[in-house]
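Visitor: Predicted model and sequence follow; I will ask about them next.
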Amino acid sequence: LDTAKNIAISCNLFQKGMPIIEIEEHLSREDLQDVLNSKIRDFNFNDENINYGLLIASEELEKIFSDNNLLSLFYELSVNCLSVVCSRVSPKQKGQVVNLIRQTEKAITLAIGDGANDVGLITEANVGIGIQGKEGTQAARASDFAIKQFSHLKKLLFFHGRESYRKNSWVILYNFYKNI
């Protein structure tokens, strides 16, 4: 968990000084439920000036996804956090996390991956982006969009995403015009 925390800080997923909620490893189901309840109760999520981060390991995620009560507590805690980092997660668990947000929030999800272990994540999301790289092309083959480098992501999202939205809007307006 310390390595995942340090990587998240260096990538600015967790900002310096941000309160980070860490879920300890090797907890029983009852202890995990008590910890999730206490974290929800103890932290002030109503204050919009404070952003929280959540750090959890795969062993606890396995317990969470096998119990609906724990799943609802985890969901309630995670949606109140700015960033959620899951460490040592299996490909199946990655897909489960995306599916949880997609189904519960009724949100459009975007997943980005660069290897075969990210295929479940990419296919579960509404929009999947695969990065071709050192780990092979499995993620790029399973994705909706494939890019060569992570640096191309900004252009894909901010230019092509907006341009696609604008073109679709124009087609709809033109369709209304021709039908009227």
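Guide: Sure thing, it's come through.

Visitor: same for the one helix or strand in the chain whose mean pLDDT sits lowest, what does it pack against?
Guide: Lowest by mean pLDDT, DSSP states H and E among the helices and strands of the chain is helix 153-155, with a mean of 85. On a contact count with 3 or more C-beta pairs under 8 Å, 6 or more residues apart in numbering; DSSP states H and E, helix 153-155 meets no helix or strand. (Glycine included, C-beta is placed from N, CA and C.)

Visitor: can you give me the helices for the protein?
Guide: 2-10, 29-42, 58-65, 68-79, 91-105, 119-124, 138-142, 153-155, 161-179 (DSSP state H).

Visitor: what does the fifth one contact?
Guide: Residues from elsewhere that reach helix 91-105, judged by C-beta atoms under 8 Å, 6 or more residues apart in numbering: 58, 61-62, 65, 71, 75, 79, 86, 89, 107-109, 111, 116-121, 123-126.

Visitor: Excluding sequence neighbours, find me the nearest residue to the residue nearest the centre of the chain.
Guide: The centroid of the chain falls nearest to V98 when counting by C-alpha atoms, centre = their mean (5.9 Å). Spatial nearest neighbour of V98, excluding adjacent residues (C-beta to C-beta, 6 or more residues apart in numbering): E124 at 4.5 Å.

Visitor: Thanks a lot, see you next time.
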